[in-house]
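Novice: Next comes the sequence, and after it the predicted model I'd like to discuss.
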Amino acid sequence: MQPTLGLTGLTVNGMALIAPGAFLWLTFQEQALYGAPWAGSAMWFGFLMALLLCYATAVCYSELSKLYPGAGSSYLFAEQAFLTKTKGFKWARLVKFFTGWNSHLYYWVYPGVMVGVTAMLGGYLMGYLFPNTFSSIYNSPLFMYLFCVVFAIVVSYIAFLGVNGSTVTNLIGNIIQIIALVIFAIIAIAYRSGHPQGSQGYHLSNGVAVNYMVAQTPQLDANNKPIPVLDANGKPTKNPDGTPAYQMTDAQDADGNPAPGDANGKATTLAKAAPFIIDYNAGITKDSNGNPQFLYHSSAASVVSPHGFSAILVQAGIAILCLCGFESITSLGEEAKNPKKHIPWAVLIALTIQGGFCYLFEYFAANYFLNSGYPLTNAGASSAPIGDMMVITGTALFGSFAAGKAFMLIEAATVFIALIGTTLACLNTGARITYAMGRDEEVSSGFGILHGKNLTPHRSIWTLCFLSIIIGWITVTTYLAAWGSPPAALDKHNIWYSFGIFSPSFYAWVPNSFLTVSLISTFGMNLLYMTTCFVTIVAFKEHHMFNGFKHMVVPVLGVLANFLVLLFYLVGPFNIAGMSWHESYIAFAVAVLWAACGAVYLVMRSKKKEKPIFVSTPAAA
C-alpha cells in the first residue's frame with residue numbers, strides 16, 4: 001500500500017460510505033414500514049439522535065487514530081490499547097481477535113446489502129423504462145439476481161485496481177449526489193409550499209402522476225378473475241347492496257393511462273373528473289382501539305418533533321445504517337500521507353458534512369412533502385419512495401408526467417453513481433480489515449498478501465465480491481414483506497417473473513429480507529462501535545493525553561447508546577405496534593452464531609499455530 005491520501009482524499013472516501021443521496025432513496029421505505037403505523041412520525045428526530053450517537057463514536061475513532069494509525073482500524077486499536085497496559089495486557093489478543101471477527105459481521109455483510117439495494121433501485125427503474133415488460137409494483141427477481149452478479153464484479157474490479165481510482169470515483173460521486181439531493185429537497189419543500197391545504201395536487205396511479213381522481217375497477221388475479229375481499233375467516237364478503245365485494249384498483253384507459261373518475265370512483269371524462277384535493281390535517285389519527293396512526297405531517301414543526309421515545313428509537317436504529325462508514329477512514333492509515341494529523345479530522349468532517357447537513361436537510365424535505373396524495377403508507381409499499389416523490393414533484397414543477405419521469409430518472413442516475421462509491425468504500429474497508437487479520441495470521445495468511453502490481457488486498461476483495469453476490473440475492477428475495485399488509489397481485493406475467501415471486505398472502509407474514517440483512521450488519525456495527533468506545537477508555541486510561549470528557553464521558557455515552565439500540569430491537573417488537581420480532585431475532589441469532597463460531601475458530605487456530613490466547617508479557621510503553 002502506498003501513502004497517497006491527504007485530508008481531502010481521506011474525507012472523500014469516508015463521505016462515500018455515508019452517502020445521503022443513496023441512502024435516503026433506499027432506507028426511506030424501511031423507515032416508513034418498520035414500526036408502522038406510528039414510528040414514521042419521528043423519522044427526522046430519530047435521525048438526529050442517531051447522528052449524536054455516531055458523533056460519540058466518531059470522537060472515539062478520531063482520538064484512537066492519533067495514537068495508532070494503521071490499516072486495521074478498530075482491529076489495530078484493540079490490540080495496541082491493551083498491550084501497553086500494566087494489568088490488561090494479557091487480554092490484548094483476545095480483544096483484538098473478537099474486534100476483528102465482529103468487524104466482519106458488519107463489513108462482510110454491508111457490501112452485500114449495498115449490492116442488493118442497488119439491484120432494487122435497478123428493478124424499480126425498469127418499471128419506468130419498460131412499463132410494458134416490467135411491473136411498477138414488483139421488481140423482477142431475475143433482473144435483480146443478474147444485476148447483483150454484474151454490479152458486485154464491476155465494483156470489486158475498481159477496488160482491485162487501487163485506492164487512487166476509488167478516491168476519484170468517490171469524489172465525483174459525492175459532488176454529484178450532494179448537488180442532486182439539494183435540488184430535490186428544495187423542490188420538495190417548494191411543492192408543499194405551493195400546494196397548501198385544500199388545493200388541487202398530485203397523486204400516483206400505477207406510477208403515473210395525475211391531479212384528478214381515478215376511476216376504480218376490480219383487481220384481477222393471474223386468471224383475470226376479480227379478487228374478493230375476505231373477512232377474518234377467509235370468506236368472501238359482500239357490499240351493502242348485496243353484490244360481491246372485490247379488491248379495487250385504479251382503472252386504465254386503452255392507452256394505459258389512468259382513467260378519470262368522479263368523487264365516487266365511477267368512470268367519467270377528463271373534463272368532468274373530480275380534482276384531487278391535498279390534505280395535511282388528517283395525517284395523525286387513531287384506530288378503533290385508540291392506537292395512534294401516522295400518515296403525514298400537518299406542519300414543519302411536526303416534522304422535527306420527537307413524537308415519542310419509542311418512535312425515536314425505532315427510527316434511530318435504522319438511521320444508524322445511513323450514517324455508519326465514518327470509521328472506514330481509520331482503515332486507510334497505511335495509505336495516508338499524514339495519518340496522525342489527517343485521519344482524526346477526516347472522520348469528524350465526513351460525518352458533519354453528510355450527516356449534520358445533507359441528511360438532516362433531505363430528511364426534513366422528504367417528510368415535509370408527505371400528504372394525502374402520498375402518505376407514509378405509500379412510501380412503505382414502494383421499493384423506491386423517493387423516486388415516487390420525484391415523479392410527483394417533477395410533474396408539478398415541469399407541467400407533465402413525462403417531464404416528471406425524466407426528472408426522476410436523472411436523479412436516479414446520480415443515486416446509482418453514489419451507490420457505486422458507497423459499495424466501493426465499504427468493500428475497500430472490509431477487505432483491509434481482513435488483510436490486517438491475515439497479515440497477523442489470525443485468519444488465513446493468504447488474506448494478508450497484497451497484489452504484486454496494484455498493491456491491493458486482492459484475495460480479500462474477490463472473497464467479498466462472492467459474498468456480496470450471495471447476500472445481495474438474499475436481500476432482494478422478500479423485500480416486499482410488509483408484516484400483515486400484503487402488496488397487490490402481480491400485474492405482469494413473463495419470463496422476468498417466471499420465478500422468485502410469491503403470493504401477496506405470503507408477503508404478509510414472511511420476514512422482510514432487506515430489513516433482516518440490514519439488521520445483521522447493524523448489529524455487527526453496534527457491537528463494533530461499543531467495543532471501540534470501550535477500547536478508547538482503556539487506551540487513554542494510563543496515557544498522558546487523557547482527557548476526562550473525550551476519553552471517559554464520551555466513550556461511556558457511546559457504549560450506552562449503542563447498547564440501548566441493540567436492546568430496543570430485542571424488546572421493542574413485543575411492546576411497539578408495527579415492529580415485527582422476526583427480523584431482529586433472526587439478526588440476533590446470526591450474531592450469536594457468528595460469535596460462537598469465532599470462539600471455536602480462535603481456540604482451534606491457537607492450538608494449530610501453538611499460539612497462546614492470553615499474552616504473557618506487556619509491550620514496551
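Specialist: Right, received. Where do you want to start? Numbers count the residues shown, from 1 in each chain.
Novice: can you give me the strands in the stretch 151-300 of the chain?
Specialist: With DSSP state E, counting those that start in this stretch, the ranges of strands along the stretch 151-300 of the chain come out as 203-205, 208-210, 216-218, 248-250, 284-286, 292-294.
Novice: Out of these, which is closest to Leu370?
Specialist: Closest to Leu370 of these is strand 292-294 (C-beta to C-beta; 9.3 Å). All C-beta atoms are positioned from the backbone trio N, CA, C, and that covers glycine.
Novice: Parallel or antiparallel, which strands does the closest one pair with?
Specialist: strand 284-286 (antiparallel) (DSSP bridges).
Novice: List the contacts of the partner strand.
Specialist: With contact meaning C-beta atoms under 8 Å, 6 or more residues apart in numbering, strand 284-286 is reached by Ser41, Pro292, Gln293, Phe294, Leu295, Ser298, Ser302.
Novice: buried ones in the one helix or strand the last one maps to?
Specialist: Meaning Ser302. Ser302 is part of helix 300-303, with elements assigned from DSSP states H and E. Of the residues in helix 300-303, Ser302, Val303 count as buried by neighbour count, 16 or more other C-beta atoms under 10 Å.
Novice: Dump it to CSV, keeping only the CA atoms.
Specialist: Extracted in CSV, the C-alpha atoms of helix 300-303 (Å, rounded to 0.1, in the frame of the first residue of the first chain):
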residue,chain,number,x,y,z
ALA,A,300,-42.9,21.9,9.6
ALA,A,301,-42.8,21.8,13.4
SER,A,302,-44.4,18.4,13.4
VAL,A,303,-41.6,17.1,11.1
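Novice: And that helix, what does it pack against?
Specialist: With contacts defined as 3 or more C-beta pairs under 8 Å, 6 or more residues apart in numbering; DSSP states H and E, helix 300-303 has these neighbours: helix 360-369.
Novice: So for the helix it packs on, mean pLDDT?
Specialist: For helix 360-369, mean pLDDT rounds to 94.
Novice: Check which element follows it along the chain.
Specialist: Using DSSP H and E, the helix or strand that follows helix 360-369 in sequence is helix 376-380.
Novice: Next, the residues that contact that following helix from outside, please.
Specialist: With C-beta under 8 Å, 6+ apart as the criterion, helix 376-380 contacts 28-29, 32-33, 36-37, 40, 204, 294-296, 370, 385, 388, 482, 485.
Novice: Among the residues you listed, which one lies nearest to Phe588?
Specialist: Nearest to Phe588 among the contacts of helix 376-380, with distances taken as C-beta to C-beta, is Leu33, at 19.7 Å.
Novice: Quick check: end-to-end length of stretch 235-245?
Specialist: This stretch, stretch 235-245, spans 11 Å end to end (C-alpha to C-alpha, to the nearest Å).
Novice: go on, stretch 294-307?
Specialist: Stretch 294-307: ends 10 Å apart by C-alpha to C-alpha.
Novice: What lies in contact with that stretch?
Specialist: When contacts are defined by C-beta under 8 Å, 6+ apart, stretch 294-307 is touched by residues 36-42, 44-45, 280-285, 312, 364, 367-368, 370-372, 375-377.
Novice: Same check on stretch 394-408?
Specialist: Contacts for stretch 394-408 (C-beta under 8 Å, 6+ apart): 128, 187, 190-191, 194-195, 201-202, 208-210, 387, 390-393.
Novice: re the thing from before, can you tell me which of the contacts of strand 284-286 has the most neighbours?
Specialist: Among those, Ser41 has the most neighbours (other C-beta atoms under 10 Å), with 29 neighbours.
Novice: that older thread, of the contacts of strand 284-286, which is the nearest to Gly421?
Specialist: Using C-beta to C-beta, the contacts of strand 284-286 come closest to Gly421 at Ser41, 31.7 Å.
Novice: Now do the helices in the stretch 451-600 of the chain.
Specialist: Remark: helices assigned in the stretch 451-600 of the chain by DSSP state H, counting those that start in this stretch are 458-477, 504-509, 513-541, 548, 554-571, 581-609.
Novice: got the angle between the third one and helix 581-609?
Specialist: Regarding helix 513-541 and helix 581-609, their directions subtend 50 degrees when assessed with axes from the mean of the first three to the mean of the last three C-alpha atoms, to 10 degrees.
Novice: Helices along the stretch 151-300 of the chain, start to end?
Specialist: Using DSSP H, counting those that start in this stretch, helices in the stretch 151-300 of the chain cover 163-194, 300-303.
Novice: mind checking how far the following helix or strand past the shortest one is from the chain centre?
Specialist: Of the helices and strands lying after helix 300-303 in sequence (DSSP H and E), the nearest is helix 309-323. When distances are taken as C-alpha atoms, centre = their mean, to the nearest Å, helix 309-323 is centred 11 Å away from the chain's centroid.
Novice: now swap in stretch 465-482 and tell me
Specialist: Its chain's average C-alpha position is 13 Å from that of stretch 465-482, according to C-alpha atoms, centre = their mean.
Novice: Going by neighbour count, list what's buried in it.
Specialist: 465, 467-469, 471-482.
Novice: now stretch 435-453
Specialist: Tyr435, Ala436, Met437, Gly438, Arg439, Asp440, Glu442, Val443, Phe447, Gly448.
Novice: same question, stretch 135-155
Specialist: Judged by neighbour count (16+ other C-beta under 10 Å), stretch 135-155 contains these buried residues: 135-145, 147-149, 151-152, 155.
Novice: What's the first helix or strand after the lowest-mean-pLDDT helix or strand in the chain?
Specialist: Counting by mean pLDDT, DSSP states H and E, the weakest-scoring helix or strand in the chain turns out to be helix 20-33, with a mean of 75. Counting by DSSP H and E, the next helix or strand C-terminal to helix 20-33 is helix 43-67.
Novice: That next one: how far from the chain's middle?
Specialist: Relative to its parent chain, helix 43-67 has a centroid offset of 17 Å by C-alpha atoms, centre = their mean.
Novice: Quick check: helices, which of the buried residues of stretch 435-453 are part of them?
Specialist: Per DSSP state H, helices hold the following members of the buried residues of stretch 435-453: Tyr435, Ala436, Met437, Gly438, Arg439.
Novice: Serialize those to TSV and add fields for distance to Ser606.
Specialist: TSV is the format used below for those (distance: C-beta to C-beta, whole Å):
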residue	distance to Ser606
Tyr435	21
Ala436	18
Met437	14
Gly438	16
Arg439	17
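Novice: ok, those vs Ala587, which is closest?
Specialist: Distance to Ala587, by C-beta to C-beta, is smallest for Met437 among these, at 23.2 Å.
Novice: returning to that earlier point: and the helices of the stretch 451-600 of the chain, which is most packed in?
Specialist: Most buried of those, by mean neighbour count (mean count of other C-beta atoms under 10 Å): helix 513-541, with a mean of 24.
Novice: So what angle separates the directions of that one and helix 554-571?
Specialist: On the basis of the same axes, to 10 degrees, helix 513-541 is oriented at 150 degrees to helix 554-571.
Novice: what's downstream of helix 513-541, the next helix or strand?
Specialist: Heading C-terminal from helix 513-541, the first helix or strand you meet, by DSSP H and E, is helix 548.
Novice: and that following helix, what does it pack onto?
Specialist: Packed against helix 548, as judged by 3+ C-beta pairs under 8 Å, 6+ apart, are no other helices or strands.
Novice: pLDDT and distance to Val415 added to the contacts of strand 284-286, as a markdown table?
Specialist: As requested, the contacts of strand 284-286 are arranged in a markdown table below (pLDDT from 0 to 100; distance: C-beta to C-beta, whole Å):
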| residue | pLDDT | distance to Val415 |
| --- | --- | --- |
| Ser41 | 94 | 25 |
| Pro292 | 83 | 32 |
| Gln293 | 88 | 30 |
| Phe294 | 93 | 26 |
| Leu295 | 94 | 26 |
| Ser298 | 95 | 29 |
| Ser302 | 96 | 27 |
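Novice: Kindly indicate which of the residues you listed lies nearest Pro236.
Specialist: For those, the residue nearest Pro236 by C-beta to C-beta is Gln293; the value is 27.2 Å.
Novice: Is it correct that that closest one is in contact with Asp287?
Specialist: Yes: contact criterion C-beta atoms under 8 Å: Gln293 and Asp287 qualify, at 5.7 Å.
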